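> The following comprises the amino acid sequence and a computationally predicted model.
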Amino acid sequence: MTINTQDMIGSILESISRIDYIKPEDIPNINLYMDQVTTFMEEQLASSKRYPEDKILTKTMINNYAKNNLLPSPEKKRYSREHLLLLIFIYYFKNILSINDIQTLLGPITEKYFRSDTDMDLTSIYNEVFSMEKDQVELLKEDLVKRYHTAEATFESAPEEDRRFLKLFSFICLLSFDVYTKKMLIEQLVDELRDENNEEFTKSKKSKNKH
């Protein structure tokens, strides 16, 4: 049995095409209670679930994010549009980064731009980052097709009954190596950012002590 290339690629591209992000205009401009927040996230990101029973966001998760300083506390038990933007970032980061790493990344963003009165606020940051999404999806499709063809060319001399599995194994290994190297790069960048933040904090503390 051999892999049906057309079906496999078609399935991959269909999955990638479903990748989407929550558009700024879809985010409510009114403050929401906890149940409304979890419902909103569930509806907007349902297509990213692996299994139907998976939860996008729960009350426990939100409370833990607040305890770990990833999310500012709500006002009168209600969450603002900016809270939702941070939760969206956290949702994507949590699949590849530790809570500590996410805090290092989002800490400066929250400190400078949460409830900002300038043109550079959380909404503008969100718009800038996710404006790249469409082009990245197209590049990702092209890259996946290339990797698939590379994997399909492996194990041509393997026993026919094992060939399908071994080709799929090759494809998964290629994808895994890509994820592994990118995760290492992200972690290195986060570590450098953490070192810079600690250095600035130390300088600031010394400066205050002098006065």
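Great, that's in hand.
> Show me which positions of stretch 145-156 end up buried.
For stretch 145-156, a neighbour-count test (16 or more other Cβ atoms under 10 Å) marks Arg147, Tyr148, Ala151, Glu152, Thr154, Phe155 as buried. Quick note: C-beta positions are derived from backbone N, CA and C, even for glycine.
> mind listing the strands for this protein?
For the chain, the strands defined by DSSP state E occupy 32-33, 78-79.
> and these as a markdown table, adding mean neighbour count and distance to Ile22?
Below are the strands of the chain laid out as a markdown table (neighbours: other Cβ atoms under 10 Å; distance: least, Cβ to Cβ, whole Å):
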| stretch | mean neighbour count | distance to Ile22 |
| --- | --- | --- |
| strand 32-33 | 16 | 14 |
| strand 78-79 | 18 | 14 |
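> export these to CSV and tack on mean pLDDT and distance to Phe169?
As requested, the strands of the chain are arranged in CSV below (pLDDT from 0 to 100; distance: least, Cβ to Cβ, whole Å):
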stretch, mean pLDDT, distance to Phe169
strand 32-33, 96, 45
strand 78-79, 95, 44
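> would you list those strands in a markdown table and tack on distance to Phe177?
What follows is the strands of the chain, written out as a markdown table (distance: least, Cβ to Cβ, whole Å):
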| stretch | distance to Phe177 |
| --- | --- |
| strand 32-33 | 41 |
| strand 78-79 | 39 |
